[in-house]
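S.K.: just need the structure, nothing else, for what follows:
(one chain, ligands or ions: 1)
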Amino acid sequence: MKQILPVSNPVTSYWLSQPHKYSNLRSTQDLPKECDIAILGSGMAGVTTAYHIFKQAETAPHIVLLEARQLCSGATARNGGHSKIKLSTLASQVPKLGSDGVDELQAFVQGVIANLKQVVEDEELDCELEIRRSFDVQLDNTELASLKEIFDKSRKAGHMWTKDVGFALPQFLEQVTSIRGAQSAESVPCASLWPYKFVTQLLERLLNVQTMTPVTLISVLPDGRNAITTPRGVLKAKNLVFATNAYTAGLLPQFKDVIVPVRGMATHIVPKVPVHPHLSHTYNITFRSGQSADYLNPRPDGSIVVGGGGPAFKSDRPSWFNNFDDSTRFSSEVEQYWEKYMQRNFLGWEDSQAEPELVWTGIMGATPDSWPHVGRVPGRENEWVLAGFNGGGMSFIPTVAKAIAKMVIEGSDFDDVKADFGMPDIFATSTERLREAFAETQ
Ligand SMILES: Cc1cc2nc3c(=O)[nH]c(=O)nc-3n(C[C@H](O)[C@H](O)[C@H](O)COP(=O)(O)OP(=O)(O)OC[C@H]3O[C@@H](n4cnc5c(N)ncnc54)[C@H](O)[C@@H]3O)c2cc1C
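M.R.: Numbers count the residues shown, from 1 in each chain. Model (predicted):
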């Protein structure tokens, strides 16, 4: 297999329709020769890590951020723009983590939303952040009884993860959710935003950036520094952060088959006839139990960003699994999935003439246990990683990046800072977890 590296000509997305003035920025003509901290990747993970290092460090370190393509052109610019955790995800973790563990996970994601809001307000970012609620809607409610059983048991025991959840009234499901054929629905807190604008505006306030600079090799020098090889030369950095998500195994072979590139699809649907009232919730919609959900983020202008469409392409495994080619779209047969999507599924949209205006692909970093890898790179001294965010980076990264910033500044480990950030143990990377994940995928 060829090296896992971002392809040079990705398709565009709705979120990239207003490119930032720094999208091709190279702060210096030549690649700097040395720096204190190199960060690889300019998505949500890389840029928020840089931001929090500057916020937390007593004296500003010399940071260089290296990006293989244009600024923020990976998954962060291709996703649903949606930060939440589904109720079914929380309930499914009770047997593994216990209700206390799920309390911690839910509180962490809730904290991420607060954290996003604080950065947006502190830095006056114009990225259409909305604090709102989200519906998880099922058109097949065969799993509702088991979900309710787990939920009620935890609720009666007073567990916090059950507190901010609303079950829609069964007799008004379609009316309340606007979704035709809804069989059950739960509402949970969430935030939505324009992630590309969040990242690029934050970066504007920061540092030395080198776009179009793919990193092809990392080696450790005798003095402990990292030698970072690129086609533009070698950068030597005392500390190194991998914010390379789906592509991490391309530089760290120990993550091969542990963080696997997975291709996803999303679209921007625009009604030709405005629809009122405005959809104020975001959604996860599961059409059939056991299938992946679609995620739907109504924009403030009345258009919709919706991602997923798994049922249309999941049977063609090579088209998405272990696939890091976002230079092509799925076939037109697959993209048919989005035709009349809103008219089919949402009450009140029948005459909207809503059409998918743009369909795109993006690459996620999938892990077998579905949690990210966070902490010091196993077996390395001056290297840290935050990657493998599956389909939910917006719900974890803003706080994970804050924690990584602290580890880099202090030279510390996951366990040293986790309590400061309420970070669940399941996020910690370790040799043991890598071994287990690798064994699971063989
Ligand atoms: C279609 C789709 C829909 C999604 N929907 C949602 C959603 O609604 N909510 C949610 O929470 N999450 C969603 N996600 C997942 C979310 O987008 C990711 O978890 C998140 O953006 C990861 O951020 P990141 O910064 O870690 O990775 P990325 O944004 O992918 O950034 C990694 C960067 O590293 C660069 N890079 C990689 N390797 C190298 C190298 N060797 N040298 C230099 N640069 C390199 C890449 O070019 C890239 O810019 C979705 C993802 C996709 C694809």
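S.K.: number of residues surrounding S42?
M.R.: Using other Cβ atoms under 10 Å, S42 has 31 other residues around it. Yep, even glycine has a C-beta here, placed from its N, CA and C like the rest.
S.K.: next one: S315
M.R.: Applying other Cβ under 10 Å, we find 8 residues neighbouring S315.
S.K.: do the one 10 residues further on as well
M.R.: D325 has 15 neighbours, counted by other Cβ under 10 Å.
S.K.: next to the ligand, which bits of the stretch 101-250 of the chain? Give me the list.
M.R.: Neighbours of the ligand within the stretch 101-250 of the chain, by Cβ under 6 Å from any ligand atom: P214, V215, A243, T244, N245, A246, Y247, G250.
S.K.: if I look at the first one, how far off is E34?
M.R.: Which is P214. Distance from P214 to E34, counting by Cβ to Cβ, to the nearest Å: 20 Å.
S.K.: so these two - more neighbours on which side?
M.R.: The neighbour comparison of P214 against E34 (other Cβ under 10 Å) goes to P214, with 19 against 13.
S.K.: burial count for V374?
M.R.: Residue neighbour count, defined by other Cβ under 10 Å, stands at 29 for V374.
S.K.: how many neighbours does the residue lying closest to it once chain neighbours are set aside have?
M.R.: Closest residue in space to V374, ignoring its immediate chain neighbours: F427 at 4.4 Å, by Cβ to Cβ, 6 or more residues apart in numbering. F427: 22 surrounding residues under other Cβ under 10 Å.
S.K.: so the closest residue to H52 other than its chain neighbours is in which element?
M.R.: Leaving aside its sequence neighbours, H52 sits nearest to A405 (Cβ to Cβ, 6+ apart; 3.5 Å). Assigned by DSSP states H and E, A405 belongs to helix 397-410.
S.K.: also W360?
M.R.: W360 belongs to strand 355-366, assigned by DSSP H and E.
S.K.: quick one, helices of the chain?
M.R.: Using DSSP state H, the helices of the chain run over 44-56, 87-122, 144-156, 173-177, 195-204, 310-313, 332-335, 341-345, 397-410, 414-421, 431-441.
S.K.: buried stuff in the last one?
M.R.: To tie it back to what came earlier, the one meant is helix 431-441. Within helix 431-441, the residues scored as buried using 16 or more other Cβ atoms under 10 Å are R433, L434, A437.
S.K.: circling back to that earlier point, export the helices of the chain to JSON lines and tack on mean pLDDT?
M.R.: Listed next are these as JSON lines, based on pLDDT from 0 to 100:
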{"stretch": "helix 44-56", "mean pLDDT": "94"}
{"stretch": "helix 87-122", "mean pLDDT": "95"}
{"stretch": "helix 144-156", "mean pLDDT": "95"}
{"stretch": "helix 173-177", "mean pLDDT": "93"}
{"stretch": "helix 195-204", "mean pLDDT": "91"}
{"stretch": "helix 310-313", "mean pLDDT": "95"}
{"stretch": "helix 332-335", "mean pLDDT": "97"}
{"stretch": "helix 341-345", "mean pLDDT": "97"}
{"stretch": "helix 397-410", "mean pLDDT": "97"}
{"stretch": "helix 414-421", "mean pLDDT": "97"}
{"stretch": "helix 431-441", "mean pLDDT": "83"}
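S.K.: take those helices and lay them out in JSON lines including distance to I63.
M.R.: What follows is the helices of the chain, written out as JSON lines (distance: least, Cβ to Cβ, whole Å):
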{"stretch": "helix 44-56", "distance to I63": "6"}
{"stretch": "helix 87-122", "distance to I63": "17"}
{"stretch": "helix 144-156", "distance to I63": "43"}
{"stretch": "helix 173-177", "distance to I63": "45"}
{"stretch": "helix 195-204", "distance to I63": "11"}
{"stretch": "helix 310-313", "distance to I63": "38"}
{"stretch": "helix 332-335", "distance to I63": "40"}
{"stretch": "helix 341-345", "distance to I63": "42"}
{"stretch": "helix 397-410", "distance to I63": "10"}
{"stretch": "helix 414-421", "distance to I63": "19"}
{"stretch": "helix 431-441", "distance to I63": "27"}
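S.K.: residues in contact with the residue nearest to N322 when sequence neighbours are not counted?
M.R.: Distances taken as Cβ to Cβ, 6+ apart place V260 nearest to N322, at 5.6 Å, with adjacent residues excluded. Counting by Cβ atoms under 8 Å, 6 or more residues apart in numbering, V260 makes contact with A246, A249, F321, N322, G365, A366, T367, T441.
S.K.: packing partners for the helix holding A405?
M.R.: If contacts are counted by 3 or more Cβ pairs under 8 Å, 6 or more residues apart in numbering; DSSP states H and E, helix 397-410 sits against helix 44-56, helix 87-122, strand 233-242, strand 373-376, strand 383-387, helix 414-421.
S.K.: and these as TSV, adding distance to P10?
M.R.: Below are those laid out as TSV (distance: least, Cβ to Cβ, whole Å):
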stretch	distance to P10
helix 44-56	17
helix 87-122	25
strand 233-242	20
strand 373-376	24
strand 383-387	18
helix 414-421	32
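S.K.: among those, which is nearest F313?
M.R.: With Cβ to Cβ as the measure, helix 87-122 is the member of the helices and strands packed on helix 397-410 nearest F313 (22.1 Å).
S.K.: so what's the gap between that closest one and the chain middle?
M.R.: From the chain centre to the centre of helix 87-122 is a distance of 14 Å (Cα atoms, centre = their mean, to the nearest Å).
S.K.: give the buried residues for it.
M.R.: For helix 87-122, by 16+ other Cβ under 10 Å, it's 87-94, 97, 99, 101-106, 108-113, 115-116, 119-120.
S.K.: what does stretch 82-96 contact?
M.R.: With contact meaning Cβ under 8 Å, 6+ apart, stretch 82-96 is reached by 101-102, 105-106, 109, 112-113, 116, 134, 136, 143, 147, 150-151, 154, 161, 165, 186, 188-193, 282, 284, 286, 293, 295, 297, 392, 394-395.
S.K.: closest to the centroid, which residue in this structure?
M.R.: Among the residues of the chain, G393 comes closest to the average C-alpha position under Cα atoms, centre = their mean, at 2.2 Å.
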